[in-house]
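1. Predicted model and sequence follow; I will ask about them next.
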Amino acid sequence: MITVTLIPGDGIGPEITHSLQTVFSAAKAPIKWDVQEAGLDGLEKTGSLVPDSVFESIEHNRIALKGPLATPIGKGHRSLNVMLRQRYDLYACVRPVKSIPGITTRYTQVDLVIFRENTEDLYAGKEVQISADEAHSLKVITRQASTRIAQAAYDYAVANHRQQVTIVTKANIMKLSDGLFLEACREVSKHYPLIKTSEILVDNLCMQLVVDPSRFDILLTENLYGDILSDLAAGLVGGLGFVPGANLGTETAIFEAVHGTAPDIAGQDKANPTAMLLSGVLMLRHLQLNDVADRIENAILSVLSDPNVITVDRGGSVGTQALTQLICRALGA
Ligand code: ATP
């Protein structure tokens, strides 16, 4: 048994993490959950958005699966998600975005992996109020952080038999910051002659992705562009309910769906747990538990390929619990 920190989180978090626990138990995955409350729930129960026990658990287990965490707006709180990524130096945010058979969109052959630098850029939290009418945000780009996210993307390309890495910037305008990111990525690319490297400006990429996403393979980019592109790419494959993610550091890994807390549908059995379940599959593969990862992924895909199974976010009536039960049945439970 491997012990994993499980943070149910806020909004739809408890519903989708419960779904994940149910499916993992049906698949007899050798995972023991160390459940930790954080976010607004944690605040109510313990007086702290992230109680110390959460950090202790992550530092002990070094692997966590988390639901979305809400960040109270305008009370001086920094985003908890950003804080966890910075605290554990989870520098690589990896988001595979793939067409799912049965989830019909305008596109059938999307198979992208977004590599988003996760620790700096405009998310470094360096903001200054100049006057009542002026505020500045500092965009921080370093060669070290750019180089290691590039290395992660190229190593992944080699390990997963990918053909192409596209470096995404706005280096024509932000010549120093994006220019440095581009330069660092180009430098890394020289060590991977078998992987094709291309470069694109982020605005052009948005248009190209909507026209023909099948042209792209791995997208290597900074923090803010990666955040926005992840949501755009999710739309290509059916929405935020379908895209998983991993935040990887050298010592710690935290797996989570791309979507947020979805407060508009929380507690109504409407959330699509697929993104969370696929994040769990990514975690199992990270732990080299490939057999059980395959079984869970196949069960999810077989259930979603049934044309009668339409989740609420796709305009159907199959809610969180019903989808969970169908997946458990497909697992033979
Ligand atoms: P954040 O700032 O935390 O990203 P947000 O409100 O901007 O939060 P999301 O919480 O991701 O963004 O929600 C965006 C929209 O997508 C909402 O309408 C939400 O209901 C929907 N949504 C997000 N995740 C899911 C899901 N798993 N299942 C169904 N709908 C979802």
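-> Sure thing, it's come through. Nothing here was measured: the structure is a model prediction, and the numbers come from that model. Residues are numbered from 1 along each chain as shown.

2. State the number of residues packed around Asn223.
-> Applying other C-beta atoms under 10 Å, we find 23 residues neighbouring Asn223. Glycine gets a C-beta too; all of them are placed from N, C-alpha and C.

3. For it, which non-adjacent residue is closest in space?
-> Among residues not flanking Asn223 along the chain, Asp121 sits closest, at 3.5 Å (C-beta to C-beta, 6 or more residues apart in numbering).

4. Show me what that neighbour is bridged to.
-> Beta-bridge pairing for Asp121 (DSSP bridges): Val140.

5. Contacts only, for it.
-> Taking C-beta atoms under 8 Å, 6 or more residues apart in numbering, we find Asp121 in contact with Lys139, Val140, Ile141, Glu222, Asn223, Leu224.

6. Give me the pLDDT for it.
-> pLDDT for Asp121: 95.

7. which one is the residue in the stretch 101-250 of the chain positioned nearest to the ligand nearest to, not counting chain neighbours?
-> Residue of the stretch 101-250 of the chain nearest the ligand, by C-beta to the nearest ligand atom: Gly241 (3.6 Å). Excluding its sequence neighbours, the residue lying closest to Gly241 (C-beta to C-beta, 6+ apart) is Asn272, at 2.9 Å.

8. What secondary structure category should be reported for the closest residue to the ligand within the chain?
-> Using C-beta to the nearest ligand atom, the closest approach of the chain to the ligand is made by Gly260 at 2.1 Å. Of the three states, Gly260 takes coil according to DSSP: H, G, I helix; E, B strand; the rest coil.

9. so who does the nearest residue to it once chain neighbours are set aside touch?
-> Closest residue to Gly260 apart from its sequence neighbours, by C-beta to C-beta, 6+ apart: Pro68 at 4.9 Å. Contacts for Pro68 (C-beta under 8 Å, 6+ apart) come out as Gly9, Asp10, Gly11, Ile12, Gly13, Asn81, Glu256, Ala257, His259, Gly260, Thr261, Ala262.

10. Then Asp133?
-> With contacts defined as C-beta under 8 Å, 6+ apart, Asp133 has no neighbours.

11. chain center to the one helix or strand Lys45 maps to, what's the gap?
-> Per DSSP states H and E: Lys45 is located in helix 39-46. Counting by C-alpha atoms, centre = their mean, to the nearest Å, helix 39-46 is centred 23 Å from the centre of its parent chain.

12. In contact with Val243, which residues?
-> Applying C-beta under 8 Å, 6+ apart to Val243 gives the contacts Arg95, Pro96, Val97, Ser230, Ala233, Ala234, Val237, Ala257, Val258, His259, Ala275, Leu278.

13. Excluding chain neighbours, give the residue nearest to the last one in space.
-> What that stands for is Leu278. Closest to Leu278 by C-beta to C-beta, 6+ apart is Pro244, at 3.7 Å.

14. so that neighbour touches Ala257, yeah?
-> Yes: Pro244 lies in contact with Ala257 (C-beta atoms under 8 Å); the separation is 5.9 Å.

15. Quickly list the domain ranges of this structure.
-> The chain breaks down by automatic domain parsing into domains covering 1-104+239-333, 106-236.

16. Check the contacts of Pro68 for the minimum pLDDT and say which it is.
-> The minimum pLDDT among the contacts of Pro68 falls on Asn81, with 82.

17. Burial check on Leu232, number of neighbours?
-> When neighbours are counted by other C-beta under 10 Å, Leu232 registers 15.

18. Export the helix or strand where it lies to PDB, keeping only CA atoms.
-> Assigned by DSSP H and E, Leu232 belongs to helix 223-236. The C-alpha trace of helix 223-236 is given here as PDB (Å, rounded to 0.1, in the frame of the first residue of the first chain):
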ATOM      1  CA  ASN A 223       2.800  30.200 -16.300                       C
ATOM      2  CA  LEU A 224       0.100  32.600 -17.400                       C
ATOM      3  CA  TYR A 225       0.000  31.500 -21.000                       C
ATOM      4  CA  GLY A 226      -0.100  27.900 -19.800                       C
ATOM      5  CA  ASP A 227      -3.100  28.600 -17.500                       C
ATOM      6  CA  ILE A 228      -5.100  30.200 -20.300                       C
ATOM      7  CA  LEU A 229      -4.100  27.700 -22.900                       C
ATOM      8  CA  SER A 230      -5.200  24.800 -20.600                       C
ATOM      9  CA  ASP A 231      -8.800  26.100 -20.400                       C
ATOM     10  CA  LEU A 232      -8.800  26.800 -24.200                       C
ATOM     11  CA  ALA A 233      -7.500  23.300 -24.900                       C
ATOM     12  CA  ALA A 234     -10.000  21.800 -22.400                       C
ATOM     13  CA  GLY A 235     -12.800  23.300 -24.600                       C
ATOM     14  CA  LEU A 236     -11.400  21.400 -27.600                       C
END
